[in-house]
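# sequence first, predicted model second:
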Amino acid sequence: MADEKEAKPAKKSAAKGEAKSKAPAAKAEAASKPEAAAKPEGKPKAPRPAKPDDKGAAAAAAKAGAKAAAKAEAKAAAKAQTKAAKREAKRQAKAAAKAERIEAAEAERARAAAAPAPVAQPARRSPPAQKVKAAPEKTVTVTQIGSPIGRQDYQRATLIGLGLNKLRRTRVLEDTRAVRGMIERVRHLLRIQPPE
């Protein structure tokens, strides 16, 4: 085992020695090719513009700024003028449309005045007098004693048709076959008094 431990550090040191020996060789190779190191890759850099230290350059910059400001003012003025022209055209169009409407209304009034008067229509007849219902010869009196809650819809509707919608309500109805049929459908919810 002791031999194995000693062998491992020896291997590591040998590997380090090889790496160190390769590095000087790479440097020597790069030194032997001076044109590769001196030649930069990519586009050549453009020279920087000179700083405007003298009065001529400052005057040129001020003149350019003044031109830009004048151009912006002219553009704003043209825009405002266009806007005003559009507004004026819209106002004129509205005025023309209003004049046309007034003219058409006047022409209609003149036409109506020139037209002959309409013929008077005969007076409407009064509606016929309503017949007064005679009191029924036979009547039946019913009183609601049961609630329609939990009953079928047709039973609730029949009670409403008979004029009953609350407990202990009493109605005097005409004794006809139709009324007798309705009473028969909900007889378990009604108390029927004999006909008079």
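Arrived safely, thanks for sending.
# and Met182, how many residues sit next to it?
By other C-beta atoms under 10 Å, 18 other residues sit near Met182. Where you see a C-beta, it was placed from the backbone N, CA and C, and this is true even at glycine.
# neighbours of Gln144, just the number please.
Count around Gln144 with other C-beta under 10 Å applied: 21.
# same question, Val172
13.
# so how far is Glu108 from it?
63 Å (C-beta to C-beta, to the nearest Å).
# which strands and helices lie in contact with the lengthiest helix in the chain?
Under DSSP state H, the helix in the chain containing the largest number of residues is helix 55-114. If contacts are counted by 3 or more C-beta pairs under 8 Å, 6 or more residues apart in numbering; DSSP states H and E, helix 55-114 sits against no helix or strand.
# neighbouring strands - and their directions - for the next helix or strand after it?
Heading C-terminal from helix 55-114, the first helix or strand you meet, by DSSP states H and E, is strand 139-144. Strand pairing for strand 139-144, determined by DSSP bridges: strand 170-174 (antiparallel), strand 190-193 (antiparallel).
# now those strands in CSV, with mean pLDDT?
Converted to CSV, the strands paired with strand 139-144 look like this (pLDDT from 0 to 100):
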stretch, mean pLDDT
strand 170-174, 94
strand 190-193, 94
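# among the ones you listed, which comes closest to Thr141?
strand 190-193 (4.2 Å; C-beta to C-beta).
# what's in contact with that closest one?
Val140, Thr141, Val142, Thr143, Gln144, Ile145, Gly146, Leu162, Leu164, Ile183 (C-beta atoms under 8 Å, 6 or more residues apart in numbering).
# does the fifth one touch Ile160 like I think?
No: the pair Gln144 and Ile160 fails to qualify as a contact (C-beta atoms under 8 Å) at a distance of 10.7 Å.
# which non-adjacent residue is nearest His142?
No His there; residue 142 is Val. Distances taken as C-beta to C-beta, 6 or more residues apart in numbering put Leu190 closest to Val142, at 4.9 Å, once the chain neighbours are dropped.
# confidence score at the closest residue to Leu162 other than its chain neighbours?
Among residues not flanking Leu162 along the chain, Met182 sits closest, at 5.7 Å (C-beta to C-beta, 6+ apart). Met182 is assigned 96 on the pLDDT scale.
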